[in-house]
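A.B. asks: can you look at this prediction? I've put the sequence above it.
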Amino acid sequence: MTIENQAGTIPSDSYLSDYKRVDGILLPHKTVTKLMGQERITIMESIEQNVQLPPDRFDLPAEIKALMKK
């Protein structure tokens, strides 16, 4: 894929592996992303689906809310 940002268009390759079943669905637990000569590895220790989240989970922190008021 390509990523568009202030530096321009940057090509990126992602490789998914270590598939495991989660609630009967095969999901990758490891992603290797190659970007601008660097390699980033993301490993999922666990994946949960349809989890109930607290209603305020994505509320902004108080410090950010204060900055927005200015």
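C.D. replies: Received, thanks. Numbers count the residues shown, from 1 in each chain.

A.B. asks: list the buried residues in the lengthiest strand in the chain.
C.D. replies: Longest strand of the chain, by residue count under DSSP state E: strand 8-22. Across strand 8-22, burial judged by 16 or more other CB atoms under 10 Å covers no residue at all. Backbone N, C-alpha and C define where each C-beta goes, glycine included.

A.B. asks: again with stretch 27-36
C.D. replies: His29.

A.B. asks: list the contacts of that stretch.
C.D. replies: 3, 10-21, 39-44, 47 (CB atoms under 8 Å, 6 or more residues apart in numbering).

A.B. asks: cutoff 6 Å now
C.D. replies: 12-20, 40-44, 47 (CB atoms under 6 Å, 6 or more residues apart in numbering).

A.B. asks: state the mean pLDDT of the longest strand of the chain.
C.D. replies: Averaging pLDDT along strand 8-22 yields 96.

A.B. asks: now the residue nearest the centre of the chain: closest residue in space, sequence neighbours ignored.
C.D. replies: Centrality entry for the chain: nearest residue to the mean C-alpha point is Thr42, 8.9 Å, by CA atoms, centre = their mean. Nearest non-adjacent residue to Thr42, counting by CB to CB, 6 or more residues apart in numbering: Thr31, 4.6 Å away.

A.B. asks: how near is that neighbour to Ser14?
C.D. replies: Computed as CB to CB, to the nearest Å, the Thr31 to Ser14 distance reads 6 Å.

A.B. asks: return the alpha-carbon coordinates of the helix or strand harbouring the residue nearest to Thr42 using CSV.
C.D. replies: For Thr31, the host element (DSSP states H and E) is strand 25-35. Extracted in CSV, the C-alpha atoms of strand 25-35 (Å, rounded to 0.1, in the frame of the first residue of the first chain):
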residue,chain,number,x,y,z
ILE,A,25,-12.3,-17.0,13.0
LEU,A,26,-8.7,-17.1,11.9
LEU,A,27,-6.9,-13.9,12.7
PRO,A,28,-3.3,-12.8,12.3
HIS,A,29,-1.4,-12.3,15.5
LYS,A,30,1.8,-11.0,13.9
THR,A,31,2.3,-8.2,11.4
VAL,A,32,5.6,-7.2,9.9
THR,A,33,5.5,-3.7,8.2
LYS,A,34,8.4,-2.6,6.0
LEU,A,35,8.5,1.2,5.5
